[in-house]
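J.: Give me the fold of what follows.
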Amino acid sequence: MSGNEHNQQSQSSAADEHVSVLLIADPGKPTALAHRLAQRLPEQLGSRDRRKRRWTTQVRSEPYLSDEQATLFDVVDAVEPSSEREDVVVYLTDLPRRENTVPVVADVSVDHLFALISVAAVGGVHIEGRVETAVELVVSRALDEPDLAPPGASRRFPSEQIDGGTRYFAPSGLRRVRLLSGMVRANRPWRLVTGLSKVLVGAFATGAFALATSTIWLFADTMGPWRMSVATVLSIAAMVLWLVLDHELWERPKSPQERQRSALYNAATVVTLVIGVAILHVALFCLLLFTASVTLPPYLLSNTLGHAVNYSDYLTLAVATQGPGRCR
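T.: Below is the predicted model:
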């Protein structure tokens, strides 16, 4: 056999090789993220694969992880990657994972060709790109092929050897802030408006009724921006406090070991509620502003207030009709 024939046969054999990656994800956002990643992974991994193998990806939605601090062996036993037909199994979870106070991005078992990635640990922004980098990094580690990892990924995610595999941590600098933002994003605070739709309707009805009284017109005209700001902050704080107490959302640590975990979850709860309630206030403000603009002609307000009325008067009137604690 000639040298050219041998090279052609080697290239053909490499091209016939097939590597499959299974992305298992928690239901919801992680599954949607896994589907988007599955479309790009074969091309990204194939572009760095010196052996020019054929890459394929599959996605499955399944909630395996119930305890965020489960060991890698516990997760491996729950998923049983050896029973899968794919070569590498990567599990994406929204649960935060930590080692003491340091957020854990991924755990990799080379023996089982399995990796667990915490989506929350990568942060609340640029999630898709960061998770894609993490997936490519753990696949390269599971297969023990460093060339498959994105350039600089190993330096971006510091690692250490653990029992049965390798652990990757969040990038240094603002690690806890990244984890907190990732947890808040996983809570999807904008959906709080849907859950409090009855509160929004009730607050709008009360505010719309208040718009018909001249007392609230005079009150809004004398408040000023500082008092308006304080009233808004107090209203949001009162609403958040009511939600926390009424729904028993505050976690109390049962032991000193759980104190850091409880503090993290309580912080994520408060930030989530503040964002959600702020969105609720913005929606209520827009509704009241529209109602005031349509139902209250300028000459009517000017006759009561004793001065010419402009658009800023309607803005302050919409804020004043929300009132401290009116959203409750």
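J.: Let me see the contact set for the most centrally placed residue in the chain.
T.: Geometric centre of the chain, nearest residue: Arg185, 2.3 Å, by CA atoms, centre = their mean. By CB atoms under 8 Å, 6 or more residues apart in numbering, Arg185 lies in contact with 120, 124, 127. All C-beta spots, glycine's among them, are computed from the backbone N, C-alpha and C.
J.: you'd agree the first one is up against Pro96?
T.: Yes. Ala120 is within contact range of Pro96, at 4.3 Å (criterion: CB atoms under 8 Å).
J.: Which of those two has more residues huddled nearby?
T.: Remark: of Ala120 and Pro96, Ala120 carries more neighbours, 29 against 22, as counted by other CB atoms under 10 Å.
J.: Quick one: classify the spatially closest residue to the more buried one that is not a sequence neighbour as helix, strand or coil.
T.: Spatial nearest neighbour of Ala120, excluding adjacent residues (CB to CB, 6 or more residues apart in numbering): Gly182 at 3.6 Å. Per DSSP: H, G, I helix; E, B strand; the rest coil, the local secondary structure of Gly182 is helix.
J.: Looking at the contacts of Arg185, spot the one nearest Thr222.
T.: Gly124 (40.2 Å; CB to CB).
J.: part of a strand, is the closest one?
T.: No. Counting by three-state DSSP, one finds Gly124 to be coil, located in no strand.
J.: Would you mind measuring from the residue nearest to the centre of the chain to Ile24?
T.: Arg185 sits 20 Å away from Ile24, going by CB to CB, to the nearest Å.
J.: I'd like to know which elements the helix or strand containing Ala267 is packed against.
T.: Using DSSP states H and E, Ala267 sits in helix 259-295. Contacts defined by 3 or more CB pairs under 8 Å, 6 or more residues apart in numbering; DSSP states H and E place helix 259-295 against helix 175-187, helix 192-195, helix 197-210, helix 214-246, helix 311-322.
J.: between the ones you listed, which has the poorest average model confidence?
T.: In terms of average pLDDT, helix 192-195 trails the rest of those, at a mean of 83.
J.: Kindly reformat the helices and strands packed on helix 259-295 as a markdown table containing distance to Glu80.
T.: Below are the helices and strands packed on helix 259-295 laid out as a markdown table (distance: least, CB to CB, whole Å):
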| stretch | distance to Glu80 |
| --- | --- |
| helix 175-187 | 26 |
| helix 192-195 | 36 |
| helix 197-210 | 42 |
| helix 214-246 | 40 |
| helix 311-322 | 54 |
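J.: mind checking which of these is nearest Tyr265?
T.: helix 175-187 (7.8 Å).
J.: residues of the closest one that come out buried?
T.: 175, 178-187 (16 or more other CB atoms under 10 Å).
J.: from the residues you listed, which is closest to Leu72?
T.: Nearest member of the buried residues of helix 175-187 to Leu72, counting by CB to CB, is Leu179, at 18.8 Å.
J.: Could you measure from the residue nearest to the centre of the chain over to Gly152?
T.: 24 Å.
J.: Can you pull the domain assignment for this protein?
T.: Domains of the chain are assigned by automatic domain parsing as 3-173, 188-322.
J.: Mean neighbour count, the ones you listed: which tops it?
T.: When the domains of the chain are scored by mean count of other CB atoms under 10 Å, the highest mean neighbour count falls to domain 3-173 (a mean of 18).
J.: Now tell me what touches stretch 42-60 from outside.
T.: Under the contact criterion CB under 8 Å, 6+ apart, stretch 42-60 has outside partners 11, 14-25, 31, 34-35, 37-39, 41, 86, 132, 136, 139, 147-150.
J.: No further queries at this time; thank you.
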